[in-house]
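Novice: sequence? don't have it. structure:
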């Protein structure tokens, strides 16, 4: 494959991936603010995807090796259950347009913090500037809007968003050290999520599907299981292979922007100058923190 064609496909898959990440926030907000419970959304995310990916479970195995109990727990449940549950719970209280900045948008900040304390890694100066911009934007969206009373009770969602992205950052550091491939990490999470988390959701008493139709369920399965849980992982891995980790991560700066646009245009969420500035700061900070700008300078 020619280099330009390969890079173009990498850019395309990266754009589709961040669009899927934004659709997760917008679609989940729509589901949990209407007729689905958070537990129902989590079940429909885990069980169908686990069934589809079961052949890979037999091939690759589902037991994480050499990670210790904490690392094993993170790989088994972090990406598959803990992160989606916390973000979905947050979306029950707060708009998707805020979630984009406070969940995926805050990931570089929390990941840099986790890498510093767990591995002793220090971010470069340009990355530090990006992390400061992310924090400033998040404060504008979360703290400022809470004090201003922009969304009643949304502060609960903000806490869940920050908890989810913080725990994901710890998972990402552990996963990076594990040596697992993206596919292997996915099937491990789906297996243990289906075996242990799905029964817990069923026993919670919040899984009845009493207020939804079969068409609603089918649509959510398609979005949560096939598009978000499986397709996004495949596309992201392809983009990293074609563009490199730093360039692919830079596209993550679009997620808060797309979540804001999706929340406004598809869900009718309100937006303000404060929110626009906050999302812009987070997006710019993600771009700086990705390292793509410093990488470009080094190439020159």
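Specialist: On my side now, so go ahead. Bear in mind the structure is a predicted one, so any value in this text is a computation, not a measurement. Residues are numbered from 1 along each chain as shown.
Novice: burial of residue 73, as a residue count?
Specialist: A count of nearby residues for residue 73, using other Cβ atoms under 10 Å, gives 16. Bear in mind the C-beta positions are built from the backbone N, C-alpha and C, glycine included.
Novice: most centrally placed residue in the chain?
Specialist: Centroid-nearest residue in the chain: residue 104, 5.3 Å away (criterion: Cα atoms, centre = their mean).
Novice: over to that one. Which of the three states is it?
Specialist: Under DSSP: H, G, I helix; E, B strand; the rest coil, the three-state class of residue 104 is coil.
Novice: so it sits right up against residue 255, yeah?
Specialist: Yes: the pair residue 104 / residue 255 is scored as a contact, 4.7 Å apart, by Cβ atoms under 8 Å.
Novice: could you name every residue contacting both of the two?
Specialist: Listed as contacting both residue 104 and residue 255 by Cβ atoms under 8 Å, 6 or more residues apart in numbering are residue 21.
Novice: returning to what we had before: give me the pLDDT for the residue nearest to the centre of the chain.
Specialist: In this prediction, residue 104 carries a pLDDT score of 89.
Novice: which phi and psi does residue 207 have?
Specialist: phi -120, psi 100 (degrees, to the nearest 10).
Novice: report pLDDT for residue 143.
Specialist: Residue-level pLDDT assigned to residue 143 equals 72.
Novice: the one 3 residues further on now?
Specialist: Listed pLDDT for residue 146 reads 62.
Novice: do residue 52 as well
Specialist: pLDDT at residue 52 comes out at 94.
Novice: skipping its backbone neighbours, what lies nearest it in space?
Specialist: With sequence-adjacent residues excluded and distances taken as Cβ to Cβ, 6 or more residues apart in numbering, residue 52 is closest to residue 230, at 6.7 Å.
Novice: quick one, what contacts that neighbour?
Specialist: Contacts of residue 230 by Cβ under 8 Å, 6+ apart are 49, 52-53, 186.
Novice: and the helix or strand where residue 133 lies, how far from the chain's centre?
Specialist: Assigned by DSSP states H and E, residue 133 falls within helix 125-139. Its chain's C-alpha centre and that of helix 125-139 lie 19 Å apart, by Cα atoms, centre = their mean, to the nearest Å.
Novice: quick revisit: most neighbours among the contacts of residue 230, which one?
Specialist: Counting by other Cβ under 10 Å, top hit in the contacts of residue 230: residue 49 with 25 neighbours.
Novice: the helix or strand containing that one: what's the following helix or strand?
Specialist: Element membership of residue 49, judged by DSSP H and E, is helix 38-52. Remark: after helix 38-52, the chain's next helix or strand is helix 54-60, criterion DSSP H and E.
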